[in-house]
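Novice: Okay, sequence plus prediction incoming.
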Amino acid sequence: MAEQRVLFLAVGGARKRAVLEESAEVVAGGGSATVLISDAAAWRRERFPAGVRVVSLADLDRRRLPVRVEQNLLFRAPRFAFRMAGRGRLAAFSKRAGKAYERRIADRVHRRIFLPAYGRLQRGGQFPLLARHVLRAAPPELMVITDPASIPLGAQIARDAAEYGSAAPRVCFGLDYLVPAG
């Protein structure tokens with residue numbers, strides 16, 4: 001596994017221990033390992049070995065301008081206003097009113113207006129964002145699909161790799177199943 005760039009797709013998070021062990025094996029062998037996860041919260045108890053790069057799709061998604069604008073308008077600005085209005089005797093009332101606003105108005109607007117709009121804006125799904133932040137920097141030579149939820153993303157990466165300036169990576173479902181290149 002010497003000096004190989006490996007991308008682990010762990011979107012579902014079903015095989016956490018295997019991902020940790022195999023990424024440590026890649027780094028110990030002199031390679032570079034990138035683990036792509038759906039959300040960091042599901043992995044908060046896990047400790048990745050030094051040298052393993054962890055990329056969260058949720059964090060990549062939050063970096064986009066439309067998401068930041070929506071979060072500021074619907075959640076952060078009203079939260080600040082309720083906090084400023086809720087000083088002194090109005091503290092308890094303001095806290096309840098702020099929670100009710102988020103539950104009854106902001107969450108509904110987010111689900112009914114913004115989420116469908118994001119789907120139309122994204123056209124290509126999360127792949128262009130992923131390609132810009134992960135694949136262009138160091139295109140993987142090997143892609144390990146660690147769970148069933150990662151299969152569609154892995155297929156898209158393998159199919160569109162040439163479009164992003166790299167050869168299609170070899171694909172396996174675990175380092176134990178890797179067939180030597182030849």
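Specialist: Yep, it's here. All of these numbers come straight from a predicted model, not from anything done at the bench.
Novice: and the next element down the chain from the strand or helix carrying residue 156?
Specialist: Element membership of residue 156, judged by DSSP states H and E, is helix 151-160. Next in sequence after helix 151-160, counting helices and strands by DSSP H and E, comes strand 170-172.
Novice: Strand partners (parallel or antiparallel) of that next one?
Specialist: Sheet pairing of strand 170-172 (DSSP bridges) gives strand 142-145 (parallel).
Novice: Now do the domain split for this structure, please.
Specialist: Domain assignment of the chain by automatic domain parsing yields the ranges 5-62+127-177, 65-122.
Novice: can you tell me which of those the model trusts least?
Specialist: Ranked by mean pLDDT, these bottom out at domain 5-62+127-177, with a mean of 85.
Novice: quick one on the thing from earlier: in the helix holding residue 156, what counts as buried?
Specialist: For helix 151-160, burial by neighbour count (16 or more other Cβ atoms under 10 Å) applies to 153, 154, 156, 157, 160. Glycine gets a C-beta too; all of them are placed from N, C-alpha and C.
Novice: picking that back up, please identify the deepest-packed of the domains of the chain.
Specialist: domain 5-62+127-177 (a mean of 17; mean count of other Cβ atoms under 10 Å).
Novice: How far does that one sit from its chain's centre?
Specialist: The chain centroid and the centroid of domain 5-62+127-177 are separated by 10 Å, computed with Cα atoms, centre = their mean, to the nearest Å.
Novice: now the end-to-end length of it.
Specialist: 17 Å (Cα to Cα, to the nearest Å).
Novice: Repeat that for stretch 67-86.
Specialist: 27 Å.
Novice: Can you name the residues in contact with that stretch?
Specialist: Contact partners of stretch 67-86, identified using Cβ atoms under 8 Å, 6 or more residues apart in numbering, comprise 61-62, 92-95, 97-98, 101-102, 106, 109-110, 114, 118.
Novice: Could you export the helix holding residue 156 as CSV, CA atoms only?
Specialist: Taking C-alpha atoms only, helix 151-160 is exported to CSV below (Å, rounded to 0.1, in the frame of the first residue of the first chain):
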residue,chain,number,x,y,z
ILE,A,151,-22.4,3.0,-3.5
PRO,A,152,-24.2,5.7,-5.6
LEU,A,153,-21.6,8.3,-4.7
GLY,A,154,-18.8,5.9,-5.5
ALA,A,155,-20.4,5.1,-8.9
GLN,A,156,-20.7,8.8,-9.7
ILE,A,157,-17.0,9.4,-8.8
ALA,A,158,-15.8,6.5,-10.9
ARG,A,159,-18.0,7.5,-13.8
ASP,A,160,-17.1,11.3,-13.8
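Novice: No further queries at this time; thank you.
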